[in-house]
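Student: Requesting a structural model of the entry that follows:
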Amino acid sequence: MASYHFAMQIIGRSAGRSAIAAAAYRSGQKLIDERTQTTHDYSHRRGVVHQEIMAPEGSAAWLKDRQRLWSHVEELEKRKDAQLAREINIALPSELEADDRLALLRDFVQSQFVARGMVADIAIHEPVEDRFDDPRNHHAHIMLTLRGATPSGLYKVKTREWNSDSMLSEWREAWANHQNRWLEYRGWDARVDHRSLKAQRAAAQERGDRVQAAILHRVPEIHVGPKARAAIQNERTLTSKDRLVRSRANRPRVRQYPQHDNGTRVHHLIRRLEKNLDRFDRTLTRWRQRVVRLQTRHRFLSREEFEAQQERERWERQRSWLRQREREEAIAAAIRRVSHARAQKKKAEALVAGIENVLRGLVGIKDRQVKRRGTIRDRKWSHAPVQTR
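Tutor: You can find the predicted model right below:
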């Protein structure tokens, strides 16, 4: 089943990061950071199946040289806390073939980033079997310049409107639309949605889709990154530290992380999956109880319909010496009872059919949650020491 993932981050020096190092790792190449005279060699990295640089038409040709591009970015930034690049990580639909995934990515990057004047360094990664990667984990990294491209290089001033929340929301929605068009074009029924589970459930309830609303009534899963996986697989015990963070009022305060530690992100993900399974069990129990009640009412309505039909036939068989008006009134009343009973029976049948659809959907999503939890535990994550944040 296609899943939606779109995550954005800023690569900056304040976190001790380098645009050269980030580009080398994502592209699987060897690049040299001329500012620090450091070589970043990831040429032996597996899983990188495609990498290229896309630049606006009319921009400098050398911007498509990865070494020169990011060296130019490092040279332009003078501050020790400078923001160097914007990175977007997206999940590619595993239902599509490799060529289709590449065409989808190029189409999205061209229309949303390059057309606005950015230079985009893209890399597609595929799962590596002997690392026990999820075989559906096809994804792409998109590194974007924070300055527009010109015929002589990058513009001297950063484009601030690219940092707005509205622009990010537009990109998220556009990525969902691009995927859905390609999935439909290739004949797949699967669709993705960029909205939160809560928003999707509200929309399903509004349109009367009880099956989808019940399936979406779950806790969202969290992403487990490579650092968390490596820490558990290498059986490292980490220690959390107090960190200085800012509150909603933008006031600095100390966040005492050791007091809030309750395991690694892997353990947290497993707990969320178990919580979802418990919720599905409770929901299934409620719906099954409702089916039993409706089936009981259906049997009662069937008996009522039979009795009303018998009464109608009895009146029609009455002797002709009864007064015509009384006979017609009795027959009309019997017909009304039959019609009402049939209508109630039909409504009950429709409710039972709808609830059975909900149950089938819930059982399907529950089976997928159980399989996902088992897959995570089979990777020996749950048996590792507790990692603190």
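Student: Averaged pLDDT, the helix or strand where residue 289 lies. What do you get?
Tutor: Secondary structure assigned from DSSP states H and E places residue 289 in helix 265-316. For helix 265-316, mean pLDDT rounds to 72.
Student: Report the secondary structure element holding residue 191.
Tutor: Judged by DSSP H and E, residue 191 forms part of no helix or strand.
Student: hang on, the earlier thing: how far does the helix holding residue 289 sit from its chain's centre?
Tutor: 31 Å (CA atoms, centre = their mean, to the nearest Å).
Student: what packs against that helix?
Tutor: Helix 265-316 sits against helix 226-233, helix 324-378, with contacts defined as 3 or more CB pairs under 8 Å, 6 or more residues apart in numbering; DSSP states H and E. Using the backbone N, CA and C atoms, a C-beta is placed for each residue, glycine as well.
Student: Where among the ones you listed is average confidence lowest?
Tutor: It's helix 226-233: among the helices and strands packed on helix 265-316, that one has the lowest mean pLDDT, namely a mean of 63.
Student: Show me the beta-bridge partners of residue 153.
Tutor: residue 150 (DSSP bridges).
Student: residues contacting it?
Tutor: The contact partners of residue 153, taken as CB atoms under 8 Å, 6 or more residues apart in numbering, are 60, 63, 72.
Student: try residue 148
Tutor: Counted by CB under 8 Å, 6+ apart, residue 148 has contacts 56, 116, 117, 118, 154, 155, 159.
Student: Can I get stretch 360-373 in CSV, CA atoms only?
Tutor: Extracted in CSV, the C-alpha atoms of stretch 360-373 (Å, rounded to 0.1, in the frame of the first residue of the first chain):
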residue,chain,number,x,y,z
ARG,A,360,-13.4,-6.3,6.9
GLY,A,361,-11.5,-3.0,6.7
LEU,A,362,-10.5,-3.0,10.4
VAL,A,363,-9.4,-6.6,10.2
GLY,A,364,-7.2,-5.8,7.2
ILE,A,365,-5.5,-2.8,8.8
LYS,A,366,-5.1,-4.8,12.0
ASP,A,367,-3.3,-7.6,10.2
ARG,A,368,-1.0,-5.1,8.6
GLN,A,369,-0.2,-3.5,12.0
VAL,A,370,0.5,-7.0,13.5
LYS,A,371,2.8,-7.8,10.5
ARG,A,372,4.6,-4.5,10.8
ARG,A,373,5.2,-5.0,14.6
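Student: contacts for that stretch?
Tutor: 1, 211-212, 214-215, 218, 270, 273-274, 276-277, 280-281, 283-284, 287.
Student: Just the buried ones out of those residues, please.
Tutor: The neighbour count (16 or more other CB atoms under 10 Å) marks 211-212, 214-215, 218, 270, 273, 276-277, 280, 283-284, 287 as buried among the contacts of stretch 360-373.
Student: one step back: PyMOL command to pick out the buried ones of the contacts of residue 153?
Tutor: Buried residues within those, by 16+ other CB under 10 Å, are selected in PyMOL with:
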select buried, resi 60+63+72
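Student: so which of the contacts of residue 153 comes closest to residue 347?
Tutor: Comparing those against residue 347 with CB to CB places residue 63 closest, at 66.1 Å.
Student: what's the closest non-adjacent residue to the closest one?
Tutor: Spatial nearest neighbour of residue 63, excluding adjacent residues (CB to CB, 6 or more residues apart in numbering): residue 55 at 4.7 Å.
Student: Residue 75 too?
Tutor: What sits nearest to residue 75 in space, not counting adjacent residues and going by CB to CB, 6+ apart, is residue 35, at 7.4 Å.
Student: Show the model's pLDDT score for that neighbour.
Tutor: At residue 35, pLDDT is 89.
Student: what kind of secondary structure is it in?
Tutor: coil (DSSP: H, G, I helix; E, B strand; the rest coil).
Student: Brilliant, that's me finished.
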